[in-house]
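Participant: everything below, folded, please.
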Amino acid sequence: MPLYRFKALASDGRVVKDQMEFPDLRALYQYLQQEGLVLLKYSTRPVFPWDRLTFKRVSRPELAEFCHNLALLVRGGVPLLQALKDLREATSNPSLKKALGVLLQEIQAGNPLSRGMEREKGLFPGIVRSLVALGEETGRLDQTLEEASQHLYRIHTIITQTKRAMLYPAFVLFAMTGVLLFWLLFVLPKILELFSQMQVTLPAPTRFLLITTSFLRAYILHLIGGTAAILIVLWLLYRKFPQFRLQVEKILLRVPILSQVKRSSLLAFFFEYLALLLGAGIDILRSFDIMVLNIQSELGKKVIKSMREGVLRGESFKEVASSAGLFSPLDLRMIAVGEETGRLVEQLQHLARHYYEIIQGLVETLSKILEPVLIVITGLIFLLIVIALIGPIYELLTQIR
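Facilitator: Below you'll find the model as predicted:
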């Protein structure tokens, strides 16, 4: 569809400037007529690929706020078309404003809201689209929109907590490496050069330190360039190849401490997604399909696909969860109780909260666990440096005597 840029006069005398995609000029006139606007000027051109690029993305909290506000307006009796117009005027995010323009076009054309979200599926996750479609079918659009909003807020919290837990050790390691390189490149070479000029017999630790500093000063740019190249290659492999991502996740599940963070985050996502979809009335097979499309973890996708195949074979949810190899005995017991009592959704919600609390606890205690370890490692490194420096000083004092 071509892109129309237009100026129009509102009934209160305001001049409205906007741009939207329309199939033809008649569609533009129909849109303006419904909005109560009088066309003053317009121009049109084809939609180029860069028109769909926006530098400001829609964050998960922004999308959650949109769903929450739309749910409030719909629940308050505001027509869906008017609610979308009000929210579009209120938003300052250009990406969200553009997407709401697409939703308005679909609503004005007589199509459901879920149809417009399908056109903007890069912005609206599959779970949100499925909940909106279900709400339109059952007449509970306000409720499913609110469920989608709360889900997005919870997922954002889980992701934020997980990143905090993973970034803290990485930041501390980076800071330690920077301090150590500063000493090896700028401080120690001058001291060691002084010892060499005094023709002091250097002990083995000092000679090793001298070789290390000389090597780093000669090849530091090569080391930095090689490390950067390796990191870029690994990042590209991680982005482009699902099998590589799967192997990385399996490795992380074997790393102490980080394995707890990774596993708890994955299970929190799994139980959160599944509880929401089953609670909304979506059957388990369709729920698995939606989860595969929306979950980021390759390991999670593999587990969900295998569970779906098990359910298709006629196995119970507890049986397919047992064969997945990811769930703890506590998880399996609560799933079994939920199936036996008909309260599976409630049990899944308990498990999601349980793993969310584990992540929060890990974030709070990770710094307490790592601080003494890092202090000991740093102390040992600088102890070796001090020993390497004291040896020549002791030798120099001996010669003076």
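
Participant: now do the SS call for L39.
Facilitator: At L39 the chain is in strand, as set by DSSP: H, G, I helix; E, B strand; the rest coil.

Participant: wait, it touches A8, no?
Facilitator: Yes: using CB atoms under 8 Å, L39 is in contact with A8, at 5.3 Å. All C-beta spots, glycine's among them, are computed from the backbone N, C-alpha and C.

Participant: identify the contacts common to these two.
Facilitator: By CB atoms under 8 Å, 6 or more residues apart in numbering, L39 and A8 have these common neighbours: L32.

Participant: of these two, who's got more company?
Facilitator: Shown here are L39 and A8; by other CB atoms under 10 Å, A8 has more neighbours (20 against 15).

Participant: let me know the helix or strand that that one is in.
Facilitator: Using DSSP states H and E, A8 maps to strand 3-9.

Participant: who does that strand touch, helix- and strand-wise?
Facilitator: Taking 3 or more CB pairs under 8 Å, 6 or more residues apart in numbering; DSSP states H and E as contact, the helices and strands that strand 3-9 lies on are strand 15-21, helix 25-35, strand 38-45.

Participant: and that strand, average pLDDT?
Facilitator: Averaging pLDDT along strand 3-9 yields 80.

Participant: quick one: stretch 75-93 to chain centroid distance?
Facilitator: Its chain's C-alpha centre and that of stretch 75-93 lie 28 Å apart, by CA atoms, centre = their mean, to the nearest Å.

Participant: residues contacting it, please?
Facilitator: Counting by CB under 8 Å, 6+ apart, 35, 56, 58, 62, 66, 69-70, 73-74, 97, 100-101, 103-104, 107-108, 113, 141-142 sit against stretch 75-93.

Participant: in ChimeraX, select just the buried ones from those residues.
Facilitator: A single ChimeraX command selects the buried members of these (16 or more other CB atoms under 10 Å):
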select :35,58,62,66,69,70,73,74,97,100,101,103,104,107,113,141,142
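
Participant: so which of the contacts of stretch 75-93 are in helices?
Facilitator: Members of these lying in helices (criterion: DSSP state H): 35, 62, 66, 69-70, 73-74, 97, 100-101, 103-104, 107-108, 113, 141-142.

Participant: ok, now which ones touch the nearest residue to T162 once chain neighbours are set aside?
Facilitator: Distances taken as CB to CB, 6 or more residues apart in numbering place S265 nearest to T162, at 4.3 Å, with adjacent residues excluded. Contacts here follow CB under 8 Å, 6+ apart; on that basis S265 touches 158-159, 162, 355, 359.

Participant: go on, T162?
Facilitator: 261, 265, 359.

Participant: hmm, 10 Å instead?
Facilitator: For T162, the contact set (CB atoms under 10 Å, 6 or more residues apart in numbering) comprises 261-262, 264-266, 268-269, 359, 362-363.

Participant: model confidence over the helix or strand encompassing V386, on average?
Facilitator: If you go by DSSP H and E, V386 is part of helix 344-400. Averaged over helix 344-400, pLDDT sits at 77.

Participant: and P46, how many neighbours does it have?
Facilitator: As a burial measure, P46 scores 8 neighbours (other CB under 10 Å).

Participant: sorry, wrong one. I was asking about R129.
Facilitator: Neighbours of R129 using other CB under 10 Å come to 22.

Participant: name the element the closest residue to it other than its chain neighbours belongs to?
Facilitator: Leaving aside its sequence neighbours, R129 sits nearest to M117 (CB to CB, 6+ apart; 4.7 Å). For M117, the host element (DSSP H and E) is helix 113-119.

Participant: following element in sequence after that helix, please.
Facilitator: The helix or strand immediately downstream of helix 113-119 is helix 126-138, counting by DSSP H and E.

Participant: which parts of that next one are buried?
Facilitator: Neighbour-count burial for helix 126-138 flags 126-136 (criterion: 16+ other CB under 10 Å).

Participant: CA atoms only: put that helix into PDB for me.
Facilitator: C-alpha atoms of helix 126-138 as PDB (Å, rounded to 0.1, in the frame of the first residue of the first chain):
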ATOM      1  CA  GLY A 126       1.900 -14.300  19.700                       C
ATOM      2  CA  ILE A 127       0.500 -14.700  23.200                       C
ATOM      3  CA  VAL A 128      -1.000 -11.200  23.100                       C
ATOM      4  CA  ARG A 129      -2.500 -11.800  19.700                       C
ATOM      5  CA  SER A 130      -4.000 -15.200  20.800                       C
ATOM      6  CA  LEU A 131      -5.500 -13.700  23.900                       C
ATOM      7  CA  VAL A 132      -7.000 -10.800  22.000                       C
ATOM      8  CA  ALA A 133      -8.500 -13.200  19.400                       C
ATOM      9  CA  LEU A 134      -9.900 -15.300  22.200                       C
ATOM     10  CA  GLY A 135     -11.400 -12.300  24.000                       C
ATOM     11  CA  GLU A 136     -13.100 -11.200  20.700                       C
ATOM     12  CA  GLU A 137     -14.600 -14.700  20.300                       C
ATOM     13  CA  THR A 138     -15.900 -14.900  23.900                       C
END
